[in-house]
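Enquirer: quick one: sequence and predicted model below, then my questions.
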Amino acid sequence: MVAAFGAHNLALWETIWLVLTIVIGLVWLRRHFDLNRGRREPVLSEADARAGPAVWPSVSVLVAARNEEGNIRRCVSGLLAQNYPNLQIIVANDRSEDRTGVILDELSAQDARLSVVHVRELPQGWFGKNHAMHTALAEATGELLCFSDADCTYDSPLLLKAAVAFALRHDIEFLSVLPRLEASGLWEKIVQPVAGAIMVFWFPPQRVNDPTSRCAYANGAFMLLTRKAYEAIGGHAYTKATLNEDMHMARRAKELGLRLRVIRGGALYCVRMYVGFRQIWRGWSRIFYGCFGTLPRLLCSAVMLSVFSLSPYAALVAGLTLPNPPLAAAAGFAVLAQQSVLWRFYRVSGSAPGWALTYPVGAALCLGMTLSAMTHLTGRATDWRGTRYVGGARLAP
């Protein structure tokens, strides 16, 4: 009787697993509709620059750079090449210990549009990038403020014109232009698309761009704000003790009723976020912690990755080894449904579709990064670009 009861329970759990796997496959198929909706969202292009105003407003572009000697010349050269009138570029050299400051001074001597602010110290209670941007803003004279990152590559000289023209045409007060993610190494190609997909899941552009939705998102690689909007948010002083200041500024903008919008930048610019496994792990753990910020959201992300991303593969292995042909068939359906969506998503996001086959590896790593992000909720220190932080407090190196 005990054996029969055990067999009954096993059969029940196998049935539940079978039904859940079928549901997971149907959910993945449903995401084709989300992709179709996403394709209807506009993509910024050089054509937008040709529909600009008669008189272009002045723009101050601000960049924070710490130990960026490998990127800063390419970044600043791309900004100086922008075909935009009345342009001011301010780079804050944030306590760099390499040749970043020397390179910036050389470039500044060659072009009067570039100003360099050398930040020597980081006050307690500030995160480095936020303090650097706050310091650089004292030099800004533009009617519009554009914040960008030192690891960006500006492929088109019309990026700034296109963004300003689009913002003016649609009366946008806070515009974030999403970059194309450059992935050169093996781990970048495996992890970057999965991490990007997680962000899209939580912050779909359709909801972010809906003024009636509380969903807010911005990418610090390119944020264009009116000066009035920036001041209403409270500037970088508002986010001084936070990671992912872009997300906090976006949420505050939505709370204030400001017109926030995100748009893909297409081929206009790209960013290589991290190089090598160590940088990828630490960087995305920091982003997940900064963006989600609470235990419920991080737990939900971990569950979603475990159930919807990884469990179909576990079910396939179990169905083939038990053996359980119905479970194996359901798992095969779920995996094929998942891959059909991922091949489309990878293509749209600029990755070779074939890398979708590595998705379970990337999902497992992102799950680990999400769990790592949870440890920061306990007050664990965050090491970032040579500085240690707990919350907003700077610790001694």
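Expert: Done, it's in.

Enquirer: so what's Ala314 up against?
Expert: Residues near Ala314 by C-beta atoms under 8 Å, 6 or more residues apart in numbering: none. (Glycine included, C-beta is placed from N, CA and C.)

Enquirer: tell me the buried residues in the helix or strand that Glu14 is a member of?
Expert: Following DSSP states H and E, one finds Glu14 within helix 2-39. Residues of helix 2-39 classed as buried: 14, 17-18, 20-22, 24-25, 28-29, 31, 38 (neighbour count, 16 or more other C-beta atoms under 10 Å).

Enquirer: turn those residues into JSON lines, including distance to His118.
Expert: Output for these, formatted as JSON lines (distance: C-beta to C-beta, whole Å):
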{"residue": "Glu14", "distance to His118": "65"}
{"residue": "Trp17", "distance to His118": "60"}
{"residue": "Leu18", "distance to His118": "63"}
{"residue": "Leu20", "distance to His118": "57"}
{"residue": "Thr21", "distance to His118": "58"}
{"residue": "Ile22", "distance to His118": "60"}
{"residue": "Ile24", "distance to His118": "53"}
{"residue": "Gly25", "distance to His118": "56"}
{"residue": "Trp28", "distance to His118": "51"}
{"residue": "Leu29", "distance to His118": "55"}
{"residue": "Arg31", "distance to His118": "48"}
{"residue": "Gly38", "distance to His118": "42"}
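
Enquirer: quick revisit: please compute how far the helix holding Glu14 lies from its chain's middle.
Expert: Mean-position distance between helix 2-39 and its chain equals 30 Å (C-alpha atoms, centre = their mean, to the nearest Å).

Enquirer: again with stretch 175-191
Expert: Put simply, stretch 175-191 sits 9 Å off its chain's centre (C-alpha atoms, centre = their mean).

Enquirer: cool, and stretch 45-53?
Expert: On C-alpha atoms, centre = their mean, the centre of stretch 45-53 falls 25 Å from that of its chain.

Enquirer: span of it from start to end?
Expert: In stretch 45-53, first residue to last residue: 16 Å (C-alpha to C-alpha, to the nearest Å).

Enquirer: where does the stretch 1-150 of the chain dip in pLDDT?
Expert: 1-10 (pLDDT under 70).

Enquirer: mind checking the SS state of Thr242?
Expert: coil (DSSP: H, G, I helix; E, B strand; the rest coil).

Enquirer: OK, contacts around it?
Expert: When contacts are counted by C-beta under 8 Å, 6+ apart, Thr242 touches 127, 130, 248, 290, 392.

Enquirer: run the last query once more with 6 Å
Expert: Neighbouring residues of Thr242 by C-beta atoms under 6 Å, 6 or more residues apart in numbering: His248.
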